[in-house]
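>>> curious how this folds, go ahead:
(one chain, ligands or ions: 2)
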Amino acid sequence: MLVSTSILSADFLNLERDILQLEAAGADFIHIDIMDGVFVSNVTWGSSTVKAIRKLTSLPLDVHLMIDKPERLLDSYLETKADIIIIHPESTKVLRKTLLKIKSFGVKAGVALKLETSVDSIQHCLDLLDVVLFLTCDEGFGGQTFHPPTLEKIAQVAKWRNEKELSYLIEVDGGINPKTCRDCKEAGADIAVAGSYVFNNRMKSAIQELQSI
Ligand code: DX5
Ligand code: ZN
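Ligands and ions are numbered 1, 2, ... in the order given. Predicted coordinates for the structure are as follows:
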């Protein structure tokens with residue numbers, strides 16, 4: 001499994017220190033949750049923070065936009081030189097158009113599905129996707145419990161990938177630990193977002209343990 005370490009569990013006053021530690025510990029990606037207090041009931045950072053993180057690390061940046069109408073702020077996120085930009089179908093009426101714009105800048109485009117969102121909502125744009133992210137907990141906060149019914153949705157999207165000969169990566173986000181990571185891998189996932197598991201344990205061995213799955 002590839003591991004995208006979530007800085008939602010980092011010390012916000014020591015982000016630089018924590019990101020450099022994640023890099024030294026062998027993380028595959030840095031996962032940055034952008035929350036606007038509207039689409040989800042929490043607020044984190046904006047594009048200027050992503051830009052600053054870009055200067056700090058050469059690890060790929062995996063930016064998960066949990067914001068209402070992401071098309072309004074998209075230009076500022078495209079300027080950050082993030083590697084992956086993920087948006088929610090529930091947050092926009094112009095999903096295909098927004099994904100196409102992300103791709104036109106050479107950035108990998110993804111969609112993220114909340115627990116209650118059906119996989120049918122992305123069927124019309126599978127051809128554009130580099131990443132499908134499944135929230136495996138309620139959105140907005142780290143340290144929550146994994147929601148097993150999502151495994152069926154992961155398996156469905158993995159099946160479509162085979163049937164339609166597509167190559168998007170499947171990412172899981174929320175409540176990831178070695179047990180839930182293994183279940184997701186078996187269902188077809190490729191990338192695991194890990195926040196609290198990595199920050200609450202010895203960082204390097206926690207990352208390696210997940211990577212070995
Ligand atoms: C939740 C965020 C996650 C969060 C996961 O809305 O999208 O990325 O950081 O945190 P853990 O790994 O602690 O469940
Ligand atoms: Zn996330």
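
>>> how about the residues of the chain by ligand 1?
Contact residues (Cβ under 6 Å from any ligand atom) of the chain with ligand 1: 6, 8-9, 31, 33, 64, 137, 139-140, 142-144, 173-176, 193-197. Where you see a C-beta, it was placed from the backbone N, CA and C, and this is true even at glycine.

>>> mind giving me the ChimeraX command for buried ones among those?
To isolate the buried subset of the residues of the chain next to ligand 1 in ChimeraX, counting by 16 or more other Cβ atoms under 10 Å, use the following:
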select :6,8,9,31,33,64,137,139,140,142,144,173,174,175,176,193,194,195,196,197
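
>>> also near ligand 2: which of the residues of the chain next to ligand 1, exactly?
By Cβ under 5 Å from the ion, the members of the residues of the chain next to ligand 1 lying near ligand 2 are 33, 64, 173.

>>> now, which of the residues you listed lie within strands?
If you go by DSSP state E, those have 33, 64, 173 in strands.

>>> any chance of those in TSV, plus pLDDT?
Below are those laid out as TSV (pLDDT from 0 to 100):
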residue	pLDDT
33	98
64	98
173	98
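
>>> tell me the phi and psi of the nearest residue to residue 149 once chain neighbours are set aside?
Excluding the flanking residues, the one nearest residue 149 by Cβ to Cβ, 6 or more residues apart in numbering is residue 115, at 8.0 Å. Per-residue torsions, residue 115: phi -50, psi -40 (degrees, to the nearest 10).

>>> these two touch, right, residue 115 and residue 145?
No: checked against Cβ atoms under 8 Å, the pair residue 115 and residue 145 is beyond contact range at 11.4 Å.

>>> more neighbours, the two?
Taking other Cβ atoms under 10 Å, residue 115 and residue 145 do not tie; residue 115 has more neighbours (15 against 11).

>>> so the residue most central in space within the chain bridges to which residues?
Residue closest to the average C-alpha location in the chain (Cα atoms, centre = their mean): residue 64, at 5.0 Å. Here residue 64 sits in beta bridges with residue 33, residue 86, going by DSSP bridges.

>>> wait, isn't it in contact with residue 29?
No: counting by Cβ under 8 Å, residue 64 does not reach residue 29; the two are 10.7 Å apart.

>>> burial count for the residue lying closest to residue 117 once chain neighbours are set aside?
Of all residues not flanking residue 117 in the chain, residue 90 sits nearest, at 5.9 Å (Cβ to Cβ, 6+ apart). Residues lying near residue 90 (other Cβ under 10 Å) number 17.

>>> so what sits against both of residue 64 and residue 29?
Common contacts of residue 64 and residue 29 (Cβ atoms under 8 Å, 6 or more residues apart in numbering): none found.

>>> residue contacts, residue 158?
Shown in contact with residue 158 (Cβ under 8 Å, 6+ apart): 170, 187-189.

>>> which helix or strand contains it?
Element membership for residue 158, per DSSP states H and E: helix 150-163.

>>> output that helix as PDB, restricted to C-alpha atoms.
C-alpha atoms of helix 150-163 as PDB (Å, rounded to 0.1, in the frame of the first residue of the first chain):
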ATOM      1  CA  THR A 150     -17.500   1.400   2.400                       C
ATOM      2  CA  LEU A 151     -15.500  -1.700   1.500                       C
ATOM      3  CA  GLU A 152     -18.300  -2.700  -0.900                       C
ATOM      4  CA  LYS A 153     -18.100   0.700  -2.700                       C
ATOM      5  CA  ILE A 154     -14.400   0.300  -3.000                       C
ATOM      6  CA  ALA A 155     -14.800  -3.200  -4.500                       C
ATOM      7  CA  GLN A 156     -17.400  -1.800  -7.000                       C
ATOM      8  CA  VAL A 157     -15.100   1.000  -8.200                       C
ATOM      9  CA  ALA A 158     -12.200  -1.500  -8.500                       C
ATOM     10  CA  LYS A 159     -14.400  -3.800 -10.600                       C
ATOM     11  CA  TRP A 160     -15.300  -0.900 -12.900                       C
ATOM     12  CA  ARG A 161     -11.600  -0.200 -13.300                       C
ATOM     13  CA  ASN A 162     -11.000  -3.700 -14.500                       C
ATOM     14  CA  GLU A 163     -14.000  -3.900 -16.700                       C
END
